[in-house]
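>>> Build me a structure from this.
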Amino acid sequence: MDWLTTLQNYIEEHNASYTMDYMKDERISTLEGEALVRRAKSMKERNAVIVNAQVKAKIIERTQQGDREEVVYLVLRSYLIKQTVKFYIEECLEKRKATIKDDEIIRDESLIEEGMERSDLPTIERDEEIVPMPRYRYNRLEAVRYAERWWNSHNTAYKLFENDCTNFISQCLHAGGAPMRGYPNRSKGWWYRSNNWSFSWAVANTLRWYLSGSKQGLRGQEVRSAEQLIPGDVICYDFDGDGRWQHNTIVVAKDEMGMPLVNAHTHNSRMRYWDYTDSTAYTPKIKYKFFHIVDG
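Numbers count the residues shown, from 1 in each chain. Okay, the predicted model is just below:
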């Protein structure tokens, strides 16, 4: 058996395991294993079950390290989920690295670390000055269409960031008609122009505070719970509960229980359950902010 067949068999075997209760696999990290256990628990609580799981993979890089092969690959997983009587498809695109020795996978790990945005947390100036702006109506349909079109790829009209979650959400909001303002002050407003951008456009922590403080243009109205959100709204995540907001997603649909399903970048995801208990970044101290985007 060659390395490619070994990897193919492993990917198919690992993907098939998603259709049943998670069983411990020593080849993946403890964090990933714990995330899969939480995922299985969450789905059971939601009366959801994966009835079909499909996977596609693409080899990116292969190197020889002594007696071992190290293979970097992209894997696209698609899950058909049944929740009581409703069906929907959840998808994720992930970059991984497998280590192969003697035709055996001895380790397989994700190269995407969720919740690892650790910038200097630039501040944004207080939104005290009100400059007259044309009124606009937020087009949720277009925001969701954009989120669906680009969830697993890169729109070359914008820079691709290593931690791309907030850049992607900003693009979705702008596609929905949210107007930019503040250029060229990077610590003011919300904007992207000529390969330059405000902190609020691309930094998770700064967008969270912008949404709660903006008085014109793009504005968010904080609500108490996830079920109050509708497609086109935004969820912010502080995985450690320490006040450093690390991730943002956009609501694209609601499940049968009226809870949000979200799209996101960095760990590219589509129709993912909103609470991210299946994330390796999750901790019991996680905090959320729920923003209903309002017309300007």
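>>> From now on I want contacts and neighbour counts done on CA atoms only, so please keep to that.
Fine.
>>> In terms of helices and strands, where is Thr94?
To be clear, residue 94 is Glu; Thr isn't right here. strand 86-101 (DSSP states H and E).
>>> Can you give the contact residues for that strand?
With contact meaning Cα atoms under 8 Å, 6 or more residues apart in numbering, strand 86-101 is reached by 3, 7, 67-82, 105-112, 152, 256, 267-272.
>>> May I see the ChimeraX selection of the buried members of those residues?
The buried subset of those, as determined by 16 or more other Cα atoms under 10 Å, is captured in ChimeraX by this line:
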select :3,7,68,69,70,71,72,73,74,75,76,77,78,79,80,81,82,105,107,108,110,112,152,256,267,268,269,270,271,272
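>>> Which of the contacts of strand 86-101 fall in strands?
Using DSSP state E, the members of the contacts of strand 86-101 that fall within strands are 68-82, 105-110, 268-272.
>>> looking at the sheet around the closest residue to Leu7 other than its chain neighbours, what are its partners?
Nearest residue to Leu7, sequence neighbours excluded (Cα to Cα, 6 or more residues apart in numbering): Ile105, at 7.2 Å. Beta-bridge partners for Ile105, by DSSP bridges, are Ile100.
>>> was I right about Ile105 contacting Thr6?
Yes: applying Cα atoms under 8 Å as the test, Ile105 and Thr6 come out as touching, 7.2 Å apart.
>>> so where's the longest strand in the chain?
strand 48-65.
>>> And that strand, what does it pack against?
helix 3-16, strand 68-83 (3 or more Cα pairs under 8 Å, 6 or more residues apart in numbering; DSSP states H and E).
>>> mean pLDDT for those: which is lowest?
Of all the helices and strands packed on strand 48-65, the minimum mean pLDDT falls on helix 3-16 (a mean of 86).
>>> Quick check: buried residues in stretch 228-245?
229-240, 244-245.
>>> Actually, stretch 286-296.
Ile286, Lys287, Tyr288, Lys289, Phe290, Phe291, His292, Ile293, Asp295, Gly296.
>>> How much space separates the second one from Arg219?
Spelled out, that is Lys287. 21 Å (Cα to Cα, to the nearest Å).
>>> check contacts around the residue nearest to the spatial centre of the chain.
In the chain, the centroid-proximal residue (Cα atoms, centre = their mean) is Ala264; its distance is 2.9 Å. Contact analysis of Ala264 by Cα under 8 Å, 6+ apart lists Ala147, Trp151, Cys165, Phe168, Ile169, Asn248, Thr249, Ile250, Arg270.
>>> try it again with 6 Å
Cys165, Thr249 (Cα atoms under 6 Å, 6 or more residues apart in numbering).
>>> Which one of the helices and strands packed on strand 48-65 lies nearest to Leu173?
strand 68-83 (25.3 Å; Cα to Cα).
>>> Could you export the longest strand of the chain as PDB, CA atoms only?
Only the C-alpha atoms of strand 48-65 are listed here, as PDB (Å, rounded to 0.1, in the frame of the first residue of the first chain):
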ATOM      1  CA  ALA A  48     -30.100  16.100  14.900                       C
ATOM      2  CA  VAL A  49     -28.400  13.200  13.200                       C
ATOM      3  CA  ILE A  50     -25.900  13.000  10.200                       C
ATOM      4  CA  VAL A  51     -27.500  10.700   7.700                       C
ATOM      5  CA  ASN A  52     -24.800  11.100   5.000                       C
ATOM      6  CA  ALA A  53     -21.300  12.300   5.100                       C
ATOM      7  CA  GLN A  54     -19.200  13.000   2.000                       C
ATOM      8  CA  VAL A  55     -15.600  14.100   1.700                       C
ATOM      9  CA  LYS A  56     -13.300  15.400  -1.000                       C
ATOM     10  CA  ALA A  57      -9.500  16.000  -0.500                       C
ATOM     11  CA  LYS A  58      -6.700  17.700  -2.400                       C
ATOM     12  CA  ILE A  59      -3.000  17.200  -1.700                       C
ATOM     13  CA  ILE A  60      -1.200  20.600  -1.300                       C
ATOM     14  CA  GLU A  61       2.300  19.500  -0.300                       C
ATOM     15  CA  ARG A  62       4.300  16.300   0.400                       C
ATOM     16  CA  THR A  63       7.700  16.100   2.100                       C
ATOM     17  CA  GLN A  64       9.900  13.300   3.400                       C
ATOM     18  CA  GLN A  65      11.100  13.600   7.000                       C
END
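>>> contacting residues around that strand?
19, 69-83.
>>> Stretch 212-229 now?
Ala178, Pro179, Leu211, Gly258, Met259, Phe290, Phe291, His292, Ile293, Val294, Gly296.
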